[in-house]
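1. next input, structure requested:
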Amino acid sequence: MGLYTETVKRLLAPMGERAIKVLRRRFYMTDPHLKSIGSTVTSVLERGNTKYLEFIIVTELHDVQCNEEDNVRCGQRFVRFFNSHPCAFRCLRSLSIQNMRFSESDVPNLLNACDQLQRLCIESCDSGRQSVLQIDMPRSRLMELVFEFGNNA
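-> Sure thing, here's the model as predicted:
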């Protein structure tokens, strides 16, 4: 993952007049690399040329391998990443996440902060047993909401 992160940083570094209009990032929720990923994406966005940003965030474990503690840990890690890089999330058009447990307010906070979000895919995520997700976003740009549940839902 370290070599991948360094390569992406070099590819996304400013180089003259080059503009990155579409940026799709698929990455693992691993602590040592999240800060670098968030900072790199933020610096690309600050150039003002990016029209489409997509995050596909995967966990190290497949849903059949994850237990509740793993989901809580991944959810907390995601929320820290989200809180550390508000510019990136404000510009997101598409977000896919998996195997995370959130507190009741995390998903509404995420949706309210992602002004540009058009597609959200949530796979094997929850807010605890028998939780209910309520979405009240009258000014949302969300056009596609996908829920996929594995063994932990």
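2. ranges for the helices of this structure?
-> 2-12, 31-46, 68-84, 86-91, 106-113 (DSSP state H).
3. now for the fourth one, which elements pack on it?
-> In terms of contacts (3 or more C-beta pairs under 8 Å, 6 or more residues apart in numbering; DSSP states H and E), helix 86-91 is packed against helix 31-46, strand 52-58, helix 106-113. All C-beta atoms are positioned from the backbone trio N, CA, C, and that covers glycine.
4. what sits against the nearest residue to residue 136 once chain neighbours are set aside?
-> Closest residue to residue 136 apart from its sequence neighbours, by C-beta to C-beta, 6 or more residues apart in numbering: residue 108 at 7.7 Å. Residue 108 makes contacts with 134-136, as judged by C-beta atoms under 8 Å, 6 or more residues apart in numbering.
5. same deal with residue 115?
-> Counted by C-beta under 8 Å, 6+ apart, residue 115 has contacts 90-91, 141.
6. quick one: it from residue 137, how far?
-> Separation of residue 115 from residue 137 (C-beta to C-beta, to the nearest Å): 10 Å.
7. what does residue 78 give?
-> Distance, residue 78 to residue 137, using C-beta to C-beta: 19 Å.
8. nearest spatial neighbour of residue 61, skipping sequence neighbours?
-> Closest to residue 61 by C-beta to C-beta, 6+ apart is residue 70, at 5.9 Å.
9. apologies, that question was intended for residue 87.
-> Setting aside the residues directly before and after it, residue 87 is nearest to residue 42 in space (C-beta to C-beta, 6+ apart), at 4.9 Å.
10. how many neighbouring residues does that neighbour have?
-> If you count neighbours by other C-beta atoms under 10 Å, residue 42 ends up with 16.
11. show me what contacts it?
-> With C-beta under 8 Å, 6+ apart, residue 42 has these contacts: 85, 87-88.
12. now list the buried members of those.
-> 85, 88 (16 or more other C-beta atoms under 10 Å).
13. could the contacts of residue 42 go into TSV alongside pLDDT?
-> Formatted as TSV, the contacts of residue 42 follow (pLDDT from 0 to 100):
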residue	pLDDT
85	95
87	94
88	94
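14. and the contacts of residue 42, which is closest to residue 129?
-> Nearest to residue 129 among the contacts of residue 42, counting by C-beta to C-beta, is residue 85 at 30.3 Å.
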